[in-house]
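Peer 1: Quick one, fold the following:
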Amino acid sequence: MDFKSIFAISVICVLGAISPGPSLAVVIKNTIQGGRKKGVLTGIGHGLGLGIYAFISVLGISSLITDNKELFIMLQIMGSFFLIFLGSKMIFNRSKRELIKFDKKETSKGFFEGFMISFFNPKILMFFTAVFSQFMADDLTLVDKIIMATVAGAIDITWYVFVAIILAGTKVLHALEKRSIYIDKITGYILLILGILMLIKQFIDL
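Peer 2: From the prediction side, this is the model:
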């Protein structure tokens with residue numbers, strides 16, 4: 001695979017990673033609550049989940065999932081319920097003091113939340129199928145395909161870890177931390193609404 005193709009894939013993946021959405025909201029939320037470590041673990045978990053889809057897509061297995069409507073809908077429904085659960089948890093946290101104490105004890109949950117918010121989003125699989133199909137050729141080796149998927153996962157991890165590191169220990173984070181209860185509730189309502197809308201869409205499409 002030539003440098004131009006890798007560069008083009010990298011640019012597309014960067015644009016996809018930096019676009020605002022539930023993933024960015026979760027990384028920021030976990031950084032505010034648990035500090036740099038929890039934010040970084042969230043970013044790593046998200047990148048790992050995304051990387052799995054990238055590998056599935058680039059190795060040509062994506063058709064087995066995208067052509068299986070029942071499996072695809074099941075993943076989407078599970079993703080919807082996870083968003084609803086996460087949003088509800090953020091909305092009903094009772095106090096800033098209790099919230100911070102809880103997250104310091106369970107920092108590792110950041111990795112799990114990051115992984116789940118990414119892994120239960122099958123649209124990522126569709127995205128990579130569309131992107132990678134533009135660069136597939138008969139002469140691509142297994143190493144080339146692994147490089148494509150690795151680039152996608154590495155860019156995602158780099159972006160969200162960068163967000164967590166930049167925020168942690170700064171005045172911006174301190175200001176956000178003071179308003180963490182309100183930010184949690186706003187973010188929670190956004191995730192809850194997104195989850196409900198996604199769930200409704202799935203049942204309408206059934």
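Peer 1: State the mean pLDDT of the longest helix belonging to the chain.
Peer 2: Ordering each helix of the chain by length in residues (DSSP state H) puts helix 22-58 first. Taken as a whole, helix 22-58 has a mean pLDDT of 88.
Peer 1: And for stretch 127-140?
Peer 2: For stretch 127-140, the per-residue pLDDT averages 77.
Peer 1: who's in contact with it?
Peer 2: Judged by CB atoms under 8 Å, 6 or more residues apart in numbering, the contacts made with stretch 127-140 from elsewhere in the structure are 1, 5, 8-9, 12-13, 16, 53-54, 57-58, 62, 66, 148, 152. For glycine as for every other residue, the C-beta is placed from the backbone atoms N, C-alpha and C.
Peer 1: Any of these buried? List them.
Peer 2: 1, 5, 9, 12-13, 16, 53-54, 57-58, 62, 148, 152 (16 or more other CB atoms under 10 Å).
Peer 1: got CSV for those, with distance to E70 too?
Peer 2: Formatted as CSV, the entries for the buried ones among the contacts of stretch 127-140 read as follows, by distance: CB to CB, whole Å:
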residue, distance to E70
M1, 35
S5, 35
I9, 31
I12, 30
C13, 29
G16, 27
Y53, 18
A54, 23
S57, 20
V58, 24
S62, 16
M148, 29
A152, 27
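Peer 1: For the longest helix of the chain, name the packing helices and strands.
Peer 2: Using 3 or more CB pairs under 8 Å, 6 or more residues apart in numbering; DSSP states H and E as the contact criterion, the neighbours of helix 22-58 among helices and strands are helix 69-91, helix 96-105, helix 109-119, helix 123-133, helix 142-167, helix 171-178, helix 180-205.
Peer 1: Just the residues contacting stretch 113-126, thanks.
Peer 2: The contact list for stretch 113-126 (CB under 8 Å, 6+ apart) reads 22-23, 26-27, 30, 41-50, 52-53, 56-57, 62, 65-66, 72, 75-76, 78-79, 82-83, 86, 156, 160.
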